[in-house]
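[1] A predicted structure for the sequence below; I have some questions about it.
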Amino acid sequence: MAKHIKSIHDPKISLNILTLEEVRKIHTATLDIIESTGVRFPSHQALDILEAHGAQVNRETMVAKIPGHLVEEYLGEAPPTYTLAALDPELDLPMDGNHSFLGTDGCGVEIIDAFTGERRRSTKQDVSDVARVADYLEEIAFHWVPIAAQDYPAYSRGLHELEAIWQVSQKHLQTESIYSKEEMETAIEMCTLLAGGREALRKRPIFSVMQCTAGPLGHDGGSLEAGLLAAEAGLPVGYMTMAACLTTGPATLAGNLVVGNAEVISALALMEMAYPGCPVYYAAAQTSSDLRTGGYTGGGPEDFLFGAATNLLADFYKVPLSMGAYATGAKEPNWQSAVDNSLSSFMAVSTLADMLLGAGLLHGSRIFSYEMLLMDCEIWDIHHAMFKGIVVDEENLALDVIRAVGPGGNFLTQRHTKLHMRERWVPTLMDRRPYNVWEEKRDGPRQWALERAQHILNEHHPNPLDPRLAAELSRLIAKHEERALASEK
């Protein structure tokens, strides 16, 4: 893998989807809901922390009503910037509000095989294979566990997924699939081993944790306790709302933002109450339920608006954002997936979301496609070029060369052209051939994307993890599995 990542940095294009006054209204409404209605925290550990800090706790319903001033106070403890470290320091990702980075997305349960075309249940080997391709691609800055290792038991599956990725890539790793205290303990042991100790891990967190909320206005107990463990270790922790208009959120967009915001900032405040100053981030993948089926849409104007709006909320709280962006609802790479993923990522990047997720997934995050991954990287590459904007200075105005060429001339032979020609974007997959060439071959982007993925899978074999470290990771997982089996008896 080339030691370079294509991030979008200090873009010249920006979008203001909400005014500051509107953001404040959403914030105020959110605090009202958290204080008057409350949020469910089904964890005695979490309730103990909240109660000790002044929240009103109902132990029967496990609902906590947190005074708004406490939420604001503890959100203020969160660091506004930090670094997502990588095993290779050259691949570190600054969470400084000036970059957007693209990652894969998690928890798909099926994959379209790159060589047979078969759609099948995903395995640990698939996790490794997808990670190798993502490791190769400059557009992919960090890994989310892309699909589930379903050939391993649920109580240790998340650990096997981490092992599969660390074996083949040195990029930063983020996961959503560790949602029990016991599994998180082992995950922390694993990344402590790789980082070189607890303090080394705290200084350079090579692993970050995502947990999903349980809407409306609730959390999962295991996810809360796993997140608290990660926060104690100094690992960046985020909570993702997936509030959906009509079902787990109000039909209105602003109301849905309030529900999702309440879920996220109540969890982040809890982390800061327990461990003031721990790195946290806002996470969101809000959508609208389909009016005809009630199902998850994975695309559409509501998703695009939410993508921009939630970044403004994260900026208001001065924490980074991890944004579900790609992950189209389309069943195959086609015009629908291109529209979904182009617009969702454009809206998120135009407000400078720190982390974008979803590359490579179809059918609303259920199915992984290598073709889609490569096509999503092409979309990101377009954003990478477009968000640089237009530079207006003496060199770029090019008056001398325009005068030299004059009316009826040609710029191809000019030295100025040679100096700047490589600044122009060149597609990897977009088809710009003459019509007659296309007509003769009748191939195109989907075929090229698949062929490129097959080539990477065949040829890209990163240096393996040190055998001693690899053996120790396996030992830690086996020890966790023994404990889990013993507790079941």
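    All right, it came through fine.
[2] average model confidence for stretch 248-258?
    For stretch 248-258, the mean per-residue pLDDT is 96.
[3] next: stretch 467-481.
    Here the average pLDDT along stretch 467-481 is 96.
[4] please enumerate the strands of the stretch 151-300 of the chain.
    172-175, 207-212, 237-241, 244-245, 280-284, 287-288 (DSSP state E, counting those that start in this stretch).
[5] for the stretch 351-489 of the chain, same thing?
    355-359, 361-362, 367-369.
[6] closest one to Gly329 among the ones you listed?
    The closest of the strands of the stretch 351-489 of the chain to Gly329 is strand 361-362. By Cβ to Cβ, the value is 8.1 Å. Where you see a C-beta, it was placed from the backbone N, CA and C, and this is true even at glycine.
[7] counting by contacts, list what the closest one packs against.
    strand 367-369 (3 or more Cβ pairs under 8 Å, 6 or more residues apart in numbering; DSSP states H and E).
[8] show me what the strand it packs on is packed against.
    strand 110-112, strand 361-362.
[9] in terms of mean pLDDT, which of those ranks lowest?
    Looking at the helices and strands packed on strand 367-369, the bottom one is strand 361-362 with a mean of 93.
[10] hang on, the earlier thing: just put the strands of the stretch 351-489 of the chain in TSV and tack on mean neighbour count and distance to His9.
    Below are the strands of the stretch 351-489 of the chain laid out as TSV (neighbours: other Cβ atoms under 10 Å; distance: least, Cβ to Cβ, whole Å):
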stretch	mean neighbour count	distance to His9
strand 355-359	28	14
strand 361-362	28	25
strand 367-369	26	28
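[11] reformat those as JSON lines; add distance to Asp376.
    Listed next are the strands of the stretch 351-489 of the chain as JSON lines, based on distance: least, Cβ to Cβ, whole Å:
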{"stretch": "strand 355-359", "distance to Asp376": "4"}
{"stretch": "strand 361-362", "distance to Asp376": "9"}
{"stretch": "strand 367-369", "distance to Asp376": "9"}
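[12] nearest to Phe101, of these?
    strand 355-359 (5.5 Å).
[13] got the domain ranges for the chain?
    Under automatic domain parsing, the residue ranges defining each domain of the chain are 8-17+75-386, 394-423.
[14] for the last one, buried residues please.
    So the one you mean is domain 394-423. Buried residues in domain 394-423, counting neighbours by 16 or more other Cβ atoms under 10 Å, are found at Ala398, Val401, Val405, Gln414.
[15] closest to Thr297 out of the residues you listed?
    Of the buried residues of domain 394-423, the one sitting nearest to Thr297 (Cβ to Cβ) turns out to be Ala398, at 45.8 Å.
[16] so the closest one touches Arg415, yeah?
    No. Counting by Cβ atoms under 8 Å, Ala398 stays clear of Arg415, with 11.4 Å between them.
[17] tell me who's in contact with Gly108.
    Ser122, Pro146, Ile147, Ala148, Leu361, Ser365, Arg366, Ile367, Phe368 (Cβ atoms under 8 Å, 6 or more residues apart in numbering).
[18] and with 6 Å instead?
    By Cβ atoms under 6 Å, 6 or more residues apart in numbering, the residues touching Gly108 are Ile147, Leu361, Arg366, Phe368.
[19] okay if I get these as CSV plus distance to Thr175?
    Output for the contacts of Gly108, formatted as CSV (distance: Cβ to Cβ, whole Å):
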residue, distance to Thr175
Ile147, 12
Leu361, 15
Arg366, 18
Phe368, 16
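[20] can you list the low-confidence ranges for this protein?
    For the chain, applying pLDDT under 70 flags the ranges 1-3, 489.
[21] centre-most residue in it?
    Taking Cα atoms, centre = their mean, the centroid of the chain lies closest to Leu357, which sits 3.3 Å from it.
[22] ok, the closest residue to that residue other than its chain neighbours to Lys124 distance?
    Leaving aside its chain neighbours, Leu357 sits nearest to Asp105 (4.5 Å; criterion: Cβ to Cβ, 6 or more residues apart in numbering). Between Asp105 and Lys124 the distance is 18 Å, computed by Cβ to Cβ, to the nearest Å.
[23] look up the closest residue to His27, ignoring the ones flanking it.
    Phe316 (6.4 Å).
[24] touching, the one you found and Val23? I think so.
    Yes. Using Cβ atoms under 6 Å, Phe316 is in contact with Val23, at 5.1 Å.
[25] let's see stretch 205-222 as PDB, backbone CA atoms only.
    The C-alpha coordinates for stretch 205-222 follow below in PDB (Å, rounded to 0.1, in the frame of the first residue of the first chain):
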ATOM      1  CA  PRO A 205      -5.200   5.100  20.200                       C
ATOM      2  CA  ILE A 206      -4.900   2.700  17.300                       C
ATOM      3  CA  PHE A 207      -8.400   1.500  17.900                       C
ATOM      4  CA  SER A 208     -11.700   3.400  18.300                       C
ATOM      5  CA  VAL A 209     -15.100   2.300  19.300                       C
ATOM      6  CA  MET A 210     -18.600   2.900  17.900                       C
ATOM      7  CA  GLN A 211     -21.700   1.900  19.700                       C
ATOM      8  CA  CYS A 212     -25.300   2.300  18.500                       C
ATOM      9  CA  THR A 213     -28.100   3.800  20.500                       C
ATOM     10  CA  ALA A 214     -31.400   1.900  21.000                       C
ATOM     11  CA  GLY A 215     -34.000   4.400  19.900                       C
ATOM     12  CA  PRO A 216     -36.200   6.100  20.500                       C
ATOM     13  CA  LEU A 217     -34.500   7.700  23.500                       C
ATOM     14  CA  GLY A 218     -32.600   4.700  24.700                       C
ATOM     15  CA  HIS A 219     -29.400   2.800  24.900                       C
ATOM     16  CA  ASP A 220     -28.200  -0.800  25.000                       C
ATOM     17  CA  GLY A 221     -26.700  -1.800  28.400                       C
ATOM     18  CA  GLY A 222     -23.900  -3.800  27.000                       C
END
